[in-house]
Structures are given as C-alpha cells and as structure tokens.
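Visitor: Pasting the sequence and the predicted coordinates here, then a few questions.
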Amino acid sequence: MKQCTGNLFFIVCKASAMEAVEYHSVIKFLYLKGQNSTEIHQEMVQVYAEKCPNYSTVTHWVRKFKSGFLSVMDEHREGRPPSVVTEKNVSTVEKLIM
C-alpha cells in the first residue's frame, strides 16, 4: 500500500491516469499505422522498458480500436468510483490525523 502525505497521493494518481492516456495514445497511433498487437508491444517495450503496459493490455486496446472505439480515455463504468482521492477527502483525513 502506498503511504503518502498531503496531496502527494492525489498527484501520483493523476500521473498514473496521464500515463495510461499516453500508453493508449501510442497504441492507437501504432495501430492506425497498421501494426498488430505483437509489433506494438515490442516497440513499446523498447521505449518504456519495465514501465510498458503488458501484452494483454495492448491487445485489449487494439481490439477496442478495431471495433471503432477511437477514444484513448477509459469509458465511465457504473459502480465503485475509480478513485476516492478527492481534495475534500484528503483534507478530511489530514484534519483527522492532526
């Protein structure tokens, strides 16, 4: 579990979301250039090394793009929110700790 103080955890979560959009954008670009999942993943491994998304993630996004979904953002899902880190929650927890 990550232990962060103040707004650092909020910033880390935002950075992770931005990384995901970056990866999806690269996958989309290479897919539109005509590369398949294996070629895309191999190229991403060369660039991102251990930070590269796994092969199943690449194939998932290639399938989405093939089906006509061309947004690089994840679709909104019902149920539990993707994150409970909000300014209000961070402030509340900080007050409780102090």
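Guide: Good, I have the coordinates. Numbers count the residues shown, from 1 in each chain.
Visitor: what residues are up against I27?
Guide: Shown in contact with I27 (Cβ atoms under 8 Å, 6 or more residues apart in numbering): 40, 44, 58, 61-62, 65. For glycine as for every other residue, the C-beta is placed from the backbone atoms N, C-alpha and C.
Visitor: rerun that using 7 Å as the cut-off
Guide: Listed by Cβ atoms under 7 Å, 6 or more residues apart in numbering, the contact set of I27 reads 40, 58, 61-62.
Visitor: where does it land on pLDDT?
Guide: I27 is assigned 94 on the pLDDT scale.
Visitor: Specify which member of the contacts of I27 is nearest to V90.
Guide: W61 (30.9 Å; Cβ to Cβ).
Visitor: hmm, back to that, if you rank the contacts of I27 by neighbours, which is first?
Guide: V58 (27 neighbours; other Cβ atoms under 10 Å).
Visitor: In space, what's closest to that residue - neighbours in sequence excluded?
Guide: Counting by Cβ to Cβ, 6 or more residues apart in numbering, V58 lies nearest to H41, which is 4.5 Å off, once chain neighbours are set aside.
Visitor: From the contacts of I27, pick the one nearest V72.
Guide: Comparing these against V72 with Cβ to Cβ places W61 closest, at 8.4 Å.
Visitor: Would you mark the buried spots in the helix or strand hosting the closest one?
Guide: W61 is part of helix 55-66 when elements are defined by DSSP states H and E. By 16 or more other Cβ atoms under 10 Å, the buried positions in helix 55-66 come out as 57-59, 61-62, 64-65.
Visitor: sorry, back to before: for the contacts of I27, give me CSV that also has pLDDT.
Guide: As requested, the contacts of I27 are exported to CSV (pLDDT from 0 to 100):
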residue, pLDDT
I40, 96
V58, 95
W61, 92
V62, 95
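Visitor: which one of those residues is nearest L96?
Guide: Proximity of the contacts of I27 to L96 (Cβ to Cβ) peaks at W61, which lies at 39.4 Å.
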